[in-house]
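**Student:** need a structure here:
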Amino acid sequence: MEADQVTSPTPKALRTLKRISQPAYPAPNPHQACSGRCTLKGATIDQKSAAKLALAKLVKRGHAELLRRKASPFTQSGEYREATAPITQHECNICRLAFMDPQLQRQILQGEAPYRVKPATVIKRPIPLAWADQRQWLENLSATDPC
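**Tutor:** Presented below is the predicted three-dimensional model:
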């Protein structure tokens, strides 16, 4: 298999990702700008909830990217030899979100994390490797560049 060719993840890996990444709220209309309040198919969410949803989408995207590249913790052990690395720095930064503290990821995916951060800010800033430092990192980002 060529180095730049990427195959699909296994069905088991996709089921696992789907199970762990169910957000606690519905997805917003992607074509609607959020200025204070956003509308969701008859429901309304505030800007803080929209920020939490955007952060959850980034974490899910990081896991999906790793699964696609066969580099996820959910990849079958025999498939790691076919794994490919992210090509761009942007893809690499998104993939790093999948390696955050599992408890922190769970809070983000369930909409329970108290962070309001712009997705672009999270992708641009380097994520600390130590799980203990990651919570403080997100708190600092939400204090310096809230959405």
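**Student:** going forward, measure contacts between C-alpha atoms and count neighbours the same way
**Tutor:** Will do.
**Student:** how close does residue 132 sit to residue 103?
**Tutor:** 11 Å (CA to CA, to the nearest Å).
**Student:** likewise for residue 72?
**Tutor:** Taken as CA to CA, the span from residue 72 to residue 103 is 17 Å.
**Student:** that older thread, who touches both of residue 132 and residue 103?
**Tutor:** In terms of CA atoms under 8 Å, 6 or more residues apart in numbering, residue 132 and residue 103 are not both contacted by any residue.
**Student:** for this protein, which segments are assigned as helices?
**Tutor:** Counting by DSSP state H, residue ranges of the helices within the chain are 11-20, 47-68, 89-96, 102-109, 119-124, 131-144.
**Student:** test my guess that residue 101 contacts residue 133.
**Tutor:** No. Judged on CA atoms under 8 Å, residue 101 makes no contact with residue 133 at a distance of 9.5 Å.
**Student:** of those two, which one has the most company?
**Tutor:** residue 101 (16 against 12; other CA atoms under 10 Å).
**Student:** could you list the low-pLDDT ranges of the protein?
**Tutor:** 1-10, 13-45, 114, 145-147 (pLDDT under 70).
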